[in-house]
Every structure is written in structure tokens, then in C-alpha cells.
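Visitor: This is a predicted model, with the sequence first.
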Amino acid sequence: MSARARSAGIPRLQEIEFLAVTAENVEAGATYDQIRRALIEYMAAERERTQPSGNHAALRLARHDEHRYMTNATDSLAELMRLGFANTTQLPTTRKAAPIYASRTFRLTPDGRAWVSQLKVDRRAAYDDLLRALWITHPKLAGFLRLLRAGTFTVPTANWGEVHTERHVGPEGRETYVRFLAARAARAVEAGVTGWRASEREIGQAIRDYIEGRMTSDARRQRPDRYLRNRDFVSACEEALVTFAFDRAGVKLDYITLEILRRWTKQLGVANFSYHVPASPALRLWATADLDEDALGRLTTIRRRAVGEWGDRVIDELQAAFELARTRNPQGDSFVPIYQVRAAVCSKLGLNDPVFDAAVREFLAGERRADAPFRMSSDSVEYRNTPPTETPLRVRDKAGRMHTYRVMTLIPR
């Protein structure tokens, strides 16, 4: 790859695959509007694949809105230009400008054409090259992955109901919540499980400063109170604590950038995250690949932890993870959410979700750990509400039919 300028800003792209879709369409001579529509079609297909029973009406309607996914199209093209994969040119940034650019076409650089060719031959190798390019272009991404390389990074969270039984409380109730969250975070820091250091006083003050800053800004702009709902206040406290924790660890990230990076790196198979490890409530992030750098800080080797090497260990951890998930369920049901068991196993072993799913599918088919002292039974029934960050287990039977499972139990042989 040719040398390229560093850029600190992370584009607001929720799907890393948007870059491949855009590059392939540029090579095919697609116009700006055709690229925009291609991103909508990709997202619609992806939602059908990962959430087959979900409501996808919004994406179906997006096909008929000439401005939907305009930001995604512009950001995807701009990122390809930053990476050196597309020739630099102006792009639309407002709805008013969109019609002017609708029929514009773009050109890939030699590096971009080589990358698209590699996508057709070896998609994993192509994404490794993409990660290397992103590593050079975005120091924040490199810093994020270097931090996870040192171990699991944990930011404690708290639900409003853990602190208050009333739905509506005054300012003193919010302060009680902040103190509760700060104390929980400080205990985790003292236990040495967070990956960052701060005192309870520093944590609480950081949350208060963040909230006060936003409220002051709203008052100056004469905007209504953004924290009328408890969940909005809780979300803001999480944003404050996450931003503070990464800053204390030496990586300055705003919350939106973190959301993008954790999604990108999960899709690239080099990191994972979950709010649902059956332990003390927290956002946990961990590396799922070994990354090597050269003397100049460029990413060289990428070694993901694959099912061939780690599959047996996944099955060996199922019993402990299953029992841990059961202890988090006050009703003591025999079935537990698969996503909780998956999160427990993956966080302990440093794995990505597809590795867990592949190992479990092989176990269900009798192709792995046939000597295990238990068998696994799964069901498609919904367990309360599956969080949007988690996916069900999907298994194809011998007849080729796809089945979706959300809960599981283990039965002694």
C-alpha cells in the first residue's frame, strides 16, 4: 500500500462492509445514487439475515427516499479516498446538493483496484489489508486495539432500578445514582479488572462534569431538559464514564467513536464486546486476535483465534458459563439465553461470536466433543427481549433448513 496521510477522525459508518460495497460499485462504474441505493440493499439483506423475524419496514421505505443513506454513501466514498483506494474529489454533504451529484461517477486508484480484485479472490485477506490501511490512517483505531491487546477493558454500568424504585425523582435522586455508579466503578478498579485507574471521587466528578456540560449547553441554546426520562440520564452517565475510562487508559475517544470502533473491530474479527457477560453489570471489550507491529508501528501479522484450535475449549467452558447464567436468573429457569452463555465463554477465552457459534453447531451435530458429559438442547422461544447488540444462534439442519435458537439448557448424559 502506498503511503497516506494520517487522519484522526473515524467516519460515522456503522458497517465496515459499506467500504467493500462502495468500492465494488465504483469499479463497476456506478453513480453516486446507485452507490447509495446499493448500501440500502446491502443493509436490508443483512437485517433479514441477522434478524429474520424483525420489523424491516424502515429499510423497505428507504428505497423510495432519495436522501436516505446519503451520509453513508458520502462517508464511504470519503473513507476510500482517505485510505488511498479512490481518487479524491468533492462529495455532497447536504440534502440540497444530493441531486447535483446523483449521476457522478468515481475512480479507484491502483491500490483500490488491487483491493477490489483481492475481495473477489480472498475476502479475508482483503479485509486484513483493509485493517492495515485503517491502522495507518486512524491512530485512534490503532490505539483502541493496542489497549485491548493488554487485556479485557471493563467499564461498569448500572440500571436505574438498582438504585431507585420510583420512576420519577428529583435532582437528589440523580446524584444518588451517580454516587452508586461511581462506587461500583471504583470497586472494580480496586479489584484490578478494569484496565484503567481512577478514584471514586474522580469517577463521580467526571460524570457530574459531563452531565453539567450538556445541561449548560442546552440552557444556552434554550433547549428542553434532555433527561426527562431516567434511561436518558443513565445513558448519559454511561457515555461519561466510558469516555473518562478510555481517557485514563491513554486513548481519547468520544462515545460515538467508540460505538463505531467496537462494531468495526467485531466485524473484522479482531475484537469483541458485550454488556451481557453474566457477572457484575459492565461493558466489556476484549481482543480476539493477536496483532503484531513492525518497528515503525505498522500492523504486520493478524492471527485470529479460529474454531479449529479453540472449538473444544468452547465446549469445555459451556457448563460453567451455563451455570453462571442460571445464577443471574432469579427464577432459576432451566433454560437460559444463549447470548449470555456466549458472552461468558467468549470474554473468558478471548473469542469472537462466530467462533462460539461454529463450535456449538459442531457440538450439536455430534462432530465435536462427543465425549462431553452433557448434551445441549436449544429452543427458539424468546427470553424476555433479546438486546439489539446480540444475535441468536442459527443452525442449518441436514435438509438445509435454517433454525433460529435463543435459549439453551444442558442435560447430563
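Guide: Received, thanks. Numbers count the residues shown, from 1 in each chain.
Visitor: Now do the phi/psi pair for residue 283.
Guide: Main-chain torsions, residue 283, degrees, to the nearest 10: phi -90, psi 120.
Visitor: Pull up the per-residue confidence for it.
Guide: The model reports residue 283 with a pLDDT of 97.
Visitor: which stretch of helix or strand covers the closest residue to it other than its chain neighbours?
Guide: Counting by CB to CB, 6 or more residues apart in numbering, residue 283 lies nearest to residue 155, which is 4.7 Å off, once chain neighbours are set aside. Glycine gets a C-beta too; all of them are placed from N, C-alpha and C. For residue 155, the host element (DSSP states H and E) is strand 153-156.
Visitor: now swap in residue 44 and tell me
Guide: Short version, using DSSP H and E: residue 44 is in helix 32-50.
Visitor: Export that helix to CSV, keeping only CA atoms.
Guide: Taking Å, rounded to 0.1, in the frame of the first residue of the first chain, the C-alpha atoms of helix 32-50 are listed here in CSV:
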residue,chain,number,x,y,z
TYR,A,32,-23.4,8.2,-6.6
ASP,A,33,-27.1,7.5,-6.4
GLN,A,34,-26.6,3.9,-7.4
ILE,A,35,-23.9,3.5,-4.7
ARG,A,36,-26.4,5.0,-2.1
ARG,A,37,-29.1,2.5,-3.2
ALA,A,38,-26.6,-0.4,-3.1
LEU,A,39,-25.9,0.4,0.6
ILE,A,40,-29.6,0.3,1.4
GLU,A,41,-30.0,-3.1,-0.4
TYR,A,42,-26.9,-4.5,1.5
MET,A,43,-28.3,-3.3,4.8
ALA,A,44,-31.8,-4.7,4.0
ALA,A,45,-30.3,-8.1,3.2
GLU,A,46,-28.1,-8.1,6.3
ARG,A,47,-31.1,-7.3,8.5
GLU,A,48,-33.0,-10.2,7.0
ARG,A,49,-30.1,-12.5,7.6
THR,A,50,-29.4,-11.5,11.2
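Visitor: on contacts alone, who are the packing partners of it?
Guide: helix 17-27, helix 57-62, helix 70-82 (3 or more CB pairs under 8 Å, 6 or more residues apart in numbering; DSSP states H and E).
Visitor: one more time with 6 Å
Guide: Applying 3 or more CB pairs under 6 Å, 6 or more residues apart in numbering; DSSP states H and E, one finds that helix 32-50 contacts helix 17-27, helix 70-82.
Visitor: and of those, who's closest to residue 97?
Guide: Nearest of the helices and strands packed on helix 32-50 to residue 97, taken as CB to CB: helix 70-82 at 9.3 Å.
Visitor: Show me which positions of stretch 200-208 end up buried.
Guide: Buried residues in stretch 200-208, counted by 16 or more other CB atoms under 10 Å: 200, 202-204, 206-208.
Visitor: Then stretch 120-138?
Guide: Residues 126-131, 133-138 are the ones in stretch 120-138 that count as buried (16+ other CB under 10 Å).
Visitor: Bridged to residue 286, which residues?
Guide: Beta-bridge partners for residue 286, by DSSP bridges, are residue 272.
Visitor: Contact partners for it?
Guide: Residue 286 sits next to 152, 272, 347, 350 when contact means CB atoms under 6 Å, 6 or more residues apart in numbering.
Visitor: could I get those residues as CSV with pLDDT, neighbour count and distance to residue 295?
Guide: Output for the contacts of residue 286, formatted as CSV (pLDDT from 0 to 100; neighbours: other CB atoms under 10 Å; distance: CB to CB, whole Å):
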residue, pLDDT, neighbour count, distance to residue 295
152, 95, 19, 28
272, 97, 27, 29
347, 97, 22, 32
350, 97, 19, 26
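Visitor: what's the most distant pair in these?
Guide: The most distant members of these, if one measures by CB to CB, are 152 and 272, lying 9.9 Å apart.
Visitor: Contacts made by stretch 14-33 with the rest, please.
Guide: For stretch 14-33, the surrounding residues in contact (CB under 6 Å, 6+ apart) are 35, 38-39, 42, 72, 76, 80, 101-106, 108, 116, 119, 264, 267.
Visitor: Mind giving me the ChimeraX select for these, buried ones only?
Guide: Buried residues within these, by 16+ other CB under 10 Å, are selected in ChimeraX with:
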select :35,38,39,42,72,76,80,101,106,108,116,119,264
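Visitor: So for the chain, the centremost residue is which one?
Guide: The centroid of the chain falls nearest to residue 263 when counting by CA atoms, centre = their mean (2.7 Å).
Visitor: and it, what element?
Guide: Per DSSP H and E: helix 255-267 holds residue 263.
Visitor: Can you report the mean pLDDT over the residues of that helix?
Guide: 96.
Visitor: from now on call the first residue 806
Guide: Shifting the count to begin at 806 puts that one at helix 1060-1072.
Visitor: Using CSV, list the CA coordinates for that helix.
Guide: Provided in CSV are the C-alpha atoms of helix 1060-1072 (Å, rounded to 0.1, in the frame of the first residue of the first chain):
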residue,chain,number,x,y,z
TYR,A,1060,-18.7,7.7,22.9
ILE,A,1061,-19.9,7.6,19.2
THR,A,1062,-16.4,6.9,18.0
LEU,A,1063,-16.2,4.0,20.5
GLU,A,1064,-19.5,2.6,19.3
ILE,A,1065,-18.2,2.6,15.7
LEU,A,1066,-14.8,1.1,16.6
ARG,A,1067,-16.2,-1.7,18.7
ARG,A,1068,-18.6,-2.6,15.8
TRP,A,1069,-15.9,-2.3,13.1
THR,A,1070,-13.4,-4.4,15.0
LYS,A,1071,-16.0,-7.0,15.8
GLN,A,1072,-16.9,-7.3,12.1
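Visitor: That one vs helix 822-832, what angle?
Guide: On the basis of axes from the mean of the first three to the mean of the last three CA atoms, to 10 degrees, helix 1060-1072 is oriented at 80 degrees to helix 822-832.
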